[in-house]
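Colleague: build me a model from this:
(one chain, ligands or ions: 1)
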Amino acid sequence: MSTHGQLKSHVLEEISKATSLTELEDIRINSLGKKGHITLLMKEVGQKSPEERKAMGAELNILKDTLTEAFDYRKAQLENAALNARLASETLDVSLPPRPSPRGRIHPLSHVLDQAIHIFGQMGFIVAEGPDIEEDFYNFTALNIPPEHPARQEQDTFYLPALEDNQPLVLRTHTSPVQIRTMIKGKPPIRIIAPGRTYRSENDATHTPMFHQIEGLVIDTSTHMGHLKGCLEEFFHLFFEDSSIKLRFRPGYFPFTEPSAEVDMWWKESKWLEIGGCGMVHPNVLRNCNINPEIYQGFAFGMGLERLTMLKYGIEDLRLFFESDLRWLTYYGFEPEARE
Ligand code: 2NL
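Modeller: Numbers count the residues shown, from 1 in each chain. From the prediction side, this is the model:
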């Protein structure tokens, strides 16, 4: 009893002093493991006399139970302490604001396009679309562009191989073919805008081979140049948010309008800037679209979206529009917002 009593208090003390689960497990293996002190003592019991065996066996069993209980208790204590430490160190502050996530920007051209569509939309125009790859007829012939016109030259236009026996294909050089298609398909009254990509074989500081236009077309029985002027004035007042903007309609020439005019804007109290062209739709164009010019007439206009964008936002270099440079986009681009 006395020797085992010492062993018991020694192991109990070790258990209570253990500061980690691994340390505690070492102590358990040393006492109750396969080669532990207590296990070895229990193996010795077999060699004792029957009386001794009985007393010692009972005593060792109690000792084993006592120690096992102490181990389990200390184990639970240490596990509990470890859990509390983890909970203390891993707390989440749910009141912290979320890290800002990177957001893309709206390209200035897209932003201007949205605004233009919105403004013309309020004036009753709907958006019409067509293919970038056009047939010669829609891009040139129907628009009264004569065969010798420079726009038809190889050095101005991107031609594509014709499909089988069909007519030559071109990358549209303006968005006018969209309006031709609309007139051929539908019936007046017509009030559309045609925004989109256009292509010309040129590449210098002020021209890129791909650029954007927005054109407008109104056809009705008594549409006249007064409507045209009022429409464009209204647009520029709203677009530049300045109703003191003055426009000047200078005589011009386009094969598809007659009369035709260049549109200038009086810019920052300093100079006239050319911002587009317009005119009354040529009777030949109406005829090419099966619209009777004795009954119907209308106006059309066109302008470059890049030019509008550069003027409104003070962007100097056209070529950076299509470089996809994130630094440029971050600087000139717009925060995405709910569209109206
Ligand atoms: C400009 C000038 C213009 C048109 C485009 C047009 C379209 C049809 C019939 C008649 Cl289907 N005209 N479009 C008319 C005059 C000028 O654009 O400077 N654009 C950037």
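
Colleague: what ranges do the helices span in the protein?
Modeller: 2-17, 21-32, 37-44, 50-89, 108-122, 136-139, 176-185, 225-239, 283-288, 305-313, 326-332 (DSSP state H).

Colleague: using JSON lines, please lay out the ones you listed together with distance to the ligand and mean neighbour count.
Modeller: (C-beta placed from N, C-alpha, C; glycine too.) Listed next are the helices of the chain as JSON lines, based on distance: least, Cβ to the nearest ligand atom, whole Å; neighbours: other Cβ atoms under 10 Å:
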{"stretch": "helix 2-17", "distance to the ligand": "90", "mean neighbour count": "14"}
{"stretch": "helix 21-32", "distance to the ligand": "80", "mean neighbour count": "16"}
{"stretch": "helix 37-44", "distance to the ligand": "98", "mean neighbour count": "15"}
{"stretch": "helix 50-89", "distance to the ligand": "66", "mean neighbour count": "13"}
{"stretch": "helix 108-122", "distance to the ligand": "13", "mean neighbour count": "18"}
{"stretch": "helix 136-139", "distance to the ligand": "9", "mean neighbour count": "20"}
{"stretch": "helix 176-185", "distance to the ligand": "3", "mean neighbour count": "22"}
{"stretch": "helix 225-239", "distance to the ligand": "10", "mean neighbour count": "17"}
{"stretch": "helix 283-288", "distance to the ligand": "5", "mean neighbour count": "18"}
{"stretch": "helix 305-313", "distance to the ligand": "8", "mean neighbour count": "19"}
{"stretch": "helix 326-332", "distance to the ligand": "22", "mean neighbour count": "14"}
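
Colleague: which parts of the stretch 101-250 of the chain are strands?
Modeller: Counting by DSSP state E, counting those that start in this stretch, residue ranges of the strands within the stretch 101-250 of the chain are 126-127, 133-135, 159-160, 169-171, 190-199, 210-220, 247-254.

Colleague: could you export the helices of the chain as TSV, including mean pLDDT and distance to Ile214?
Modeller: Converted to TSV, these look like this (pLDDT from 0 to 100; distance: least, Cβ to Cβ, whole Å):
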stretch	mean pLDDT	distance to Ile214
helix 2-17	83	85
helix 21-32	90	74
helix 37-44	87	93
helix 50-89	88	61
helix 108-122	97	6
helix 136-139	94	17
helix 176-185	98	11
helix 225-239	98	10
helix 283-288	98	19
helix 305-313	97	6
helix 326-332	95	19
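
Colleague: looking at those helices, which is closest to Leu169?
Modeller: helix 136-139 (7.4 Å; Cβ to Cβ).

Colleague: residues contacting whichever residue of the chain sits closest to the ligand?
Modeller: Nearest to the ligand, among the residues of the chain, is Gly302, at 2.3 Å (Cβ to the nearest ligand atom). Residues in contact with Gly302 (Cβ atoms under 8 Å, 6 or more residues apart in numbering) are 174-176, 213-216, 276-278.

Colleague: what of Thr141?
Modeller: Contacts of Thr141 (Cβ under 8 Å, 6+ apart): Asn288.
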